[in-house]
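Chemist: how does the following fold in three dimensions:
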Amino acid sequence: MNATAAGEDTDKLYAPLPDFVRSAHVDGARYEEMYRRSVED
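Modeler: Numbering: from 1, shown residues only. Okay, the predicted model is just below:
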């Protein structure tokens with residue numbers, strides 16, 4: 001568990017807003033492909 005100086009938990013993840021997802025330039029599959037290629041280089 002990560003905590004801030006105030007003791008707040010910083011491990012909680014939040015899903016992005018739908019508008020943000022729609023405006024993304026890369027989807028999950030494309031990101032995975034780009035990541036795989038970057039690791040192989």
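
Chemist: just the buried residues of the longest helix along the chain, please?
Modeler: Within the chain, and with DSSP state H defining each element, the longest helix by residue count is helix 28-40. Of the residues in helix 28-40, none has enough neighbours to count as buried (16 or more other Cβ atoms under 10 Å). Where you see a C-beta, it was placed from the backbone N, CA and C, and this is true even at glycine.

Chemist: contacts only, for Gly28.
Modeler: Contact criterion Cβ atoms under 8 Å, 6 or more residues apart in numbering gives no residues in contact with Gly28.

Chemist: pLDDT score for it?
Modeler: According to the predicted model, the pLDDT of Gly28 comes to 91.

Chemist: what's the spacing between it and Glu8?
Modeler: Gly28 sits 29 Å away from Glu8 when distances are taken as Cβ to Cβ, to the nearest Å.

Chemist: over to Met34?
Modeler: Noted for Met34: a distance of 33 Å to Glu8, by Cβ to Cβ.

Chemist: and stretch 11-20, what's its mean pLDDT?
Modeler: Per-residue pLDDT values over stretch 11-20 give a mean of 93.

Chemist: roughly how far out does that stretch sit from the chain middle?
Modeler: Going by Cα atoms, centre = their mean, to the nearest Å, the spacing between the C-alpha centre of stretch 11-20 and its chain's C-alpha centre is 9 Å.

Chemist: return it as CSV; C-alpha atoms alone will do.
Modeler: What follows is stretch 11-20 as a C-alpha-only set of coordinates in CSV (Å, rounded to 0.1, in the frame of the first residue of the first chain):
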residue,chain,number,x,y,z
ASP,A,11,-3.2,2.6,-4.9
LYS,A,12,-6.8,3.0,-6.0
LEU,A,13,-7.3,3.1,-9.8
TYR,A,14,-10.1,4.9,-11.6
ALA,A,15,-11.4,4.1,-15.1
PRO,A,16,-11.1,7.0,-17.5
LEU,A,17,-14.1,9.0,-18.5
PRO,A,18,-15.9,7.8,-21.7
ASP,A,19,-15.1,11.0,-23.6
PHE,A,20,-11.4,10.6,-22.8
